[in-house]
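Student: coords please:
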Amino acid sequence: MNKAILVGRLTADPELQTTNSGVDVCRFSLAINRPFKSQNGETQTDFLNIVVWRAAAQNCARFLRKGSQCAVIGTIQTRSYEDNNGVKRYVTEIVADNVEFLGKPAGQSDDYGEPAPRPQQSQQSKRPAIDKLEPVEDDDLPF
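Tutor: Numbering: from 1, shown residues only. Next up is the predicted model:
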């Protein structure tokens, strides 16, 4: 089984790119504190690279900033490539299946400078007001 569940803070603003085929991809790094301290009492931190695709990539680029806290659920992937000097390099990253926004960076507004998404007016108008509900007899229920 290959499943990673991480909670951390972004080390920099996310970078949104588009592939040659038009698919959005967002990359960022998460700083994740280990649950224990070193022998000299210092907290140790891991820095893990995250890759998010398609609509989730757009949302991450729009709402996350350096210092934002998020949870990532995904799979661990290792890939290799040759650099400009012909040296083979290996990269290990987390390919996110799900990203949950948990907190804002210190000193930022709640909406990160973007207007908060609002429910559509048509959905609100379809819901009956609580005070307009009428009681229903048990015999009238379809189940």
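Student: Can you give me the neighbour number for residue 65?
Tutor: Residue 65 is flanked by 17 other residues according to other CB atoms under 10 Å. Where C-beta positions appear, they are placed from N, C-alpha and C, glycine not excepted.
Student: give me phi/psi at it?
Tutor: In this entry, residue 65 is assigned phi and psi values of phi -140, psi 170 (degrees, to the nearest 10).
Student: What sits closest to residue 82 if chain neighbours are left out?
Tutor: Closest residue to residue 82 in three dimensions, ignoring its sequence neighbours and counting by CB to CB, 6 or more residues apart in numbering: residue 88, at 5.6 Å.
Student: just checking, that neighbour touches residue 79?
Tutor: No - the pair residue 88 and residue 79 fails to qualify as a contact (CB atoms under 8 Å) at a distance of 11.0 Å.
Student: which residue is nearest the middle of the chain?
Tutor: When the chain is reduced to its mean C-alpha position, the nearest residue by CA atoms, centre = their mean turns out to be residue 99, at 2.6 Å.
Student: Quick check: neighbours of the longest strand anywhere in the chain in the sheet, parallel or antiparallel?
Tutor: Longest strand in the chain by number of residues, with DSSP state E as the criterion: strand 88-103. Strands flanking strand 88-103 in the sheet, each with its direction: strand 43-53 (parallel), strand 69-82 (antiparallel) (DSSP bridges).
Student: Give me the number of neighbouring residues for the residue nearest to residue 55 when sequence neighbours are not counted.
Tutor: Taking CB to CB, 6+ apart as the measure, residue 55 lies nearest to residue 24, with 7.6 Å between them; neighbours along the chain are not counted. A count of nearby residues for residue 24, using other CB under 10 Å, gives 18.
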